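[1] The sequence isn't on hand, but the structure is:
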């Protein structure tokens with residue numbers, strides 16, 4: 001038995017010959033593992049992109065991205081939630097300082113609210129109007145961070 005098997009791509013198929021998983025490299029040479037659902041759509045992808053950022057993407061039954069978990073090249077872990085049209089609607093991350101940050105985005109792609117803890121652990125809440133102008137913050141004397 002060989003101890004090493006080398007290839008650029010492996011395709012796992014079911015008993016009917018339908019692809020169920022693909023392990024390979026994309027056109028940029030980045031590694032990826034794709035898990036395919038009953039309808040033939042990619043439901044989960046695990047990859048490291050050209051910027052060396054790892055991510056896991058979970059898709060809905062149509063193949064549309066709904067959740068993405070990644071670590072940015074800066075080291076910041078991020079979770080993004082997408083609506084049915086693939087638009088970012090919520091993002092959660094933890095800065096390298098340890099400060100957690102939750103942002104909610106409207107259907108036009110505008111950041112509308114932020115809830116976070118600053119580096120000292122103090123809570124901050126910020127709201128923005130449709131023109132991205134600050135309309136509320138608590139505590140009132142805190143500075144806007146978004």
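    Right, received. Where do you want to start? Note that the coordinates shown come from a computational prediction; the quantities given were computed from them, not determined experimentally. Numbers count the residues shown, from 1 in each chain.

[2] Test of understanding: give the bridge partners of the residue positioned nearest the centre of the chain.
    For the chain, the residue nearest the mean C-alpha position is residue 68 (2.5 Å; C-alpha atoms, centre = their mean). Residue 68 has these beta-bridge partners by DSSP bridges: residue 57, residue 80.

[3] Was I right to think it contacts residue 77?
    No. If you go by C-beta atoms under 8 Å, residue 68 and residue 77 don't touch, sitting 11.5 Å apart. Where C-beta positions appear, they are placed from N, C-alpha and C, glycine not excepted.

[4] nearest spatial neighbour of residue 102, skipping sequence neighbours?
    In this structure, residue 102 finds its nearest non-sequential neighbour in residue 115, 4.7 Å apart by C-beta to C-beta, 6 or more residues apart in numbering.

[5] For that neighbour, grab the count of nearby residues.
    Per other C-beta atoms under 10 Å, the neighbour tally for residue 115 reads 16.

[6] name the element it belongs to?
    strand 111-117 (DSSP states H and E).

[7] Just the buried residues of that strand, please?
    Neighbour-count burial for strand 111-117, with 16 or more other C-beta atoms under 10 Å as criterion, is recorded at 111-117.

[8] Break this structure into its domains for me.
    By the assignment in automatic domain parsing, the chain contains the domains 1-59, 74-146.

[9] Pick out the shakiest of those domains, pLDDT-wise.
    Ranked by mean pLDDT, the domains of the chain bottom out at domain 74-146, which scores a mean of 91.

[10] Give me the distance between that one and the centre of its chain.
    Centroid separation between domain 74-146 and its chain, computed with C-alpha atoms, centre = their mean, to the nearest Å, is 15 Å.

[11] ok, the residue nearest to residue 69 when sequence neighbours are not counted to residue 110 distance?
    Excluding its sequence neighbours, the residue lying closest to residue 69 (C-beta to C-beta, 6+ apart) is residue 56, at 4.7 Å. According to C-beta to C-beta, to the nearest Å, residue 56 stands 27 Å off from residue 110.
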